[in-house]
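coordinates for the following, if possible.
(chains A and B)
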Number of protein chains: 2
Amino acid sequence: MRDAYVVGAGQSNYGSFPDESYRSLFRTAVENTVDSVDNGIAIEEIDEAYVGTLGVGGRQLGLAGPAVTEHVGLHGVPVTRVENACAASGYAVRQAVMAVRSGMADVALAGGVEVMTDLSGDAVRYWLGVSGETEWERLSGTTFAGVYAQMASAHMREYGTTKEQLSHVAVKNHDNGAKNPKAQLGFTCTLEDAVNAPSVADPLTLYHCCPTTDGAAAALIVSEDVVEEFTDEPIRVAGVGAASDRVGLFQRDSYNAVPAAEKAGASAYEEAELGPEALDFAEVHDCFAIAELMAYEDLGFCERGEAGPFVESGATRRDGELPVNTSGGLKSKGHPIGATGAGQVVEAFDQLRGRAGERQLDDPKVGLTHNVGGSGGAAVVHIFEKEEGSA
Amino acid sequence: MRDAYVVGAGQSNYGSFPDESYRSLFRTAVENTVDSVDNGIAIEEIDEAYVGTLGVGGRQLGLAGPAVTEHVGLHGVPVTRVENACAASGYAVRQAVMAVRSGMADVALAGGVEVMTDLSGDAVRYWLGVSGETEWERLSGTTFAGVYAQMASAHMREYGTTKEQLSHVAVKNHDNGAKNPKAQLGFTCTLEDAVNAPSVADPLTLYHCCPTTDGAAAALIVSEDVVEEFTDEPIRVAGVGAASDRVGLFQRDSYNAVPAAEKAGASAYEEAELGPEALDFAEVHDCFAIAELMAYEDLGFCERGEAGPFVESGATRRDGELPVNTSGGLKSKGHPIGATGAGQVVEAFDQLRGRAGERQLDDPKVGLTHNVGGSGGAAVVHIFEKEEGSA
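Coordinates of the predicted model:
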């Protein structure tokens, strides 16, 4: 199996952009990705591409891959759309790694895009709903906020997790997002703001829920055979893990954990031959505050049931023992469905390469990204490692 | 790079099944796939899955992969939806091959499904339209029949191809489909039937167009390390090729060829270290009769411009030098969008394993499948080879 490396990653701004299209946003992400490659790269050097998108709004439901890659001047090469709801581009990255490892590609582009903010609230609920279980969730009126509210309630009942602890996720992630010029909601919030915000689906308040977002992100994954052409500071894909689960929450064994994420994490740690204690930072899928807390436990950042006290302790702040969501996360940076997984890789790349500006950590070597589809029907985890001896 | 093998393949009936769902059809395809494995296989032995579907009708637009794999009892493993319009499951097969070659999976399921016949004509046109170029094709009212009619007109003008020659495709494929118990339109037709049928988009008549179809298909792709557990008669994936092109026909260099298919074919031949003269049969993407003629030329079955006389000569009939679409093709067997590419692999497997019943060829060794997305925005070609010395 050949090793795969990240040699570039970039994204558009995240936010509401009525003057942009899914194509122009994707182009911006690819342009910024190309610009991030130390020794440069021409579009013609890319020999494979994966595009993650849910296709919210129905703009281009078929051939959405070629529809955006043609707009960046990438013609002729195999282009495949990958979809696993909110984990679409996390899986796109995994497919690019697989393409490189298989020997079928040397330079693979993995990206994602979504445009959401031009839709009404009802339309957004419909388009997110079609990623939920149809019969007993969507058609019975359950929204994703409702599903995650059930998970939050279960976590609170089982482990004594509090609304204040959920709110610490929002405070931390907004504090990070305020230092990310690409973030959609780049302002800080207080614990009181988060606790007292209007209820969306009890116990989740507005500050416990990510926004709807337009945006795109991409990364370039290359093989060990060509990596030196592009950079002297390669970031190795040390571990990849992915897993599925029943789409409907009610069909799973647990309401207060995401088994697919736990499996995906275990696979990624095994492949990388390291555990959570080796991580210098992580980007996790905080679509709702409870999702970040479950991620801590699913990925072994703390013991099962201890995520509330763990976030409250400050352990996952930028100055904590394991900074989580330095980008601002889905909560503050934003959550353009199809772009989110690739966007996490952008933050990992930026942190490992010292490109993270005001939110830069102190010389991190190992980072993890965690991307969840639906309420846990799919999950994918990547571990990225700065090569020893690289500059 | 590890070798990948097909050890099983199966499908549902193709047709209109108001009592079935996308999940039940997929389950039937997987059950038939499992039944086709010589030494048997348990669902738990599958460690990766790819599902191709366009999601026509909007039943499950997100997490469509896990939504169908959970229904066959496949839980926990990575499941990824792949979409490239009508080439969705051809690409799913390619991803499964890649997973095996990369070493990230040993036993990969690749399948596809679509349910279409419960929709109105207008709804079908909408759902297919979203795979076309948006601004200058779909929103200006051009249907896929209209796009392929333009290609047929260009081919006629450039090469003198006739309506009778287009009709020979229909006669041949219906003759094959009449011997396929899974076919949707399993009846024969005459040249007169095809020529004189009502016009759909001039010069294409009803018999030059495939139907809308419900159906599912799947294949099991395994690594060289485990293939002997499943069969003594492995079918090797000898070559894989894929390519993209501009989504809109008007943006391409040619109206009477599919450059992406030509590229995909060339890559597959190169990898398989053989040319079209080595093929014993092929399944090509005959969504419209002109598409089959262009495939002959794109894949080198005949010279450019000679496809009309080539089909007229009988060369691609079951008793010809290179039988094409022994399954009945999309025209007679049917075209359940997301299932079509995997369904072609089912026919290749059945022919190479002597399972093709009344349409069985005489001991074929090498077969090709050719799957096109949209009007040629994506294409994928596989070459399958019966291992020498296998029973």
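
who does whichever residue of the stretch 151-300 of chain A sits closest to chain B form a beta bridge with?
Closest contact between the stretch 151-300 of chain A and chain B, by Cβ to the nearest Cβ, is at residue A:242 (3.6 Å). C-beta here means a position set from N, CA and C on the backbone, and glycine is covered the same way. Beta-bridge partners for residue A:242, by DSSP bridges, are residue A:380.

ok, now how distant is it from residue A:378?
Residue A:242 is 7 Å from residue A:378, where distance means Cβ to Cβ, to the nearest Å.

quick one: residue A:374 from residue B:65, how far?
11 Å.

got it, and residue A:38?
36 Å.

out of those two, which sits in the more crowded spot?
residue B:65 (31 against 14; other Cβ atoms under 10 Å in any protein chain shown).

packing partners of the one helix or strand that one maps to?
Secondary structure from DSSP states H and E places residue B:65 in helix B:64-69. Packing partners of helix B:64-69 (3 or more Cβ pairs under 8 Å, 6 or more residues apart in numbering or on different chains; DSSP states H and E): strand A:235-244, helix B:22-35, strand B:48-52, strand B:79-83, strand B:107-114.

how about a cut-off of 7 Å?
When contacts are defined as 3 or more Cβ pairs under 7 Å, 6 or more residues apart in numbering or on different chains; DSSP states H and E, helix B:64-69 sits against helix B:22-35, strand B:48-52, strand B:79-83.

Throw these into TSV and include mean pLDDT and mean neighbour count, thanks.
Formatted as TSV, the helices and strands packed on helix B:64-69 follow (pLDDT from 0 to 100; neighbours: other Cβ atoms under 10 Å in any protein chain shown):
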stretch	mean pLDDT	mean neighbour count
helix B:22-35	98	22
strand B:48-52	98	30
strand B:79-83	98	32
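
right, so of the ones you listed, which gets closest to residue A:344?
strand B:79-83 (17.4 Å; Cβ to Cβ).

that closest one and chain A in contact?
Yes - using Cβ under 7 Å from any Cβ of the partner chain, strand B:79-83 reaches chain A at B:79-83.

just checking the next helix or strand after that strand against chain A, any contact.
Sequence order places helix B:88-102 as the next helix or strand after strand B:79-83, per DSSP H and E. Yes - Helix B:88-102 comes into contact with chain A (Cβ under 7 Å from any Cβ), by way of B:91, B:95, B:98-99, B:101-102.

now do the buried residues in stretch A:220-231.
Within stretch A:220-231, the residues that qualify as buried are A:220-223, A:227, A:230-231, counting by 16 or more other Cβ atoms under 10 Å in any protein chain shown.

these in helices, which ones?
A:227, A:230 (DSSP state H).

relative to residue B:53, which of the buried residues of stretch A:220-231 is nearest.
The nearest member of those to residue B:53, counting by Cβ to Cβ, is residue A:221 at 25.7 Å.

pLDDT score for the residue lying closest to residue A:171 once chain neighbours are set aside?
Excluding the flanking residues, the one nearest residue A:171 by Cβ to Cβ, 6 or more residues apart in numbering or on different chains is residue A:191, at 5.5 Å. According to the prediction, residue A:191 has pLDDT 98.

which residue is the nearest non-sequential neighbour of residue A:48?
residue A:105 (3.6 Å).

residue A:376: what's it in contact with?
A:245, A:258, A:260-261 (Cβ atoms under 7 Å, 6 or more residues apart in numbering or on different chains).

quick one: which of those residues has the most company?
residue A:260 (33 neighbours).

can you list the residues of the stretch 101-250 of chain A near chain B?
Counting by Cβ under 7 Å from any Cβ, the stretch 101-250 of chain A sits next to chain B at A:101-104, A:130-131, A:134, A:242-247.

and the residues you listed, which two are the farthest apart?
A:103 and A:134 (39.1 Å).

what's the following helix or strand after the worst-scoring helix or strand of chain A on mean pLDDT?
Counting by mean pLDDT, DSSP states H and E, chain A has its least confident helix or strand at helix A:121-129, which shows a mean of 89. The first helix or strand that comes after helix A:121-129 along the chain, using DSSP H and E, is helix A:144-159.

that older thread, can you report how many residues lie near the residue nearest to residue A:171?
With other Cβ under 10 Å as criterion, residue A:191 counts 14.

quick one, what contacts it?
Taking Cβ under 7 Å, 6+ apart, we find residue A:191 in contact with A:164, A:167-168, A:171.

rerun that using 10 Å as the cut-off
By Cβ atoms under 10 Å, 6 or more residues apart in numbering or on different chains, residue A:191 lies in contact with A:164, A:167-168, A:170-171, A:207, A:312.
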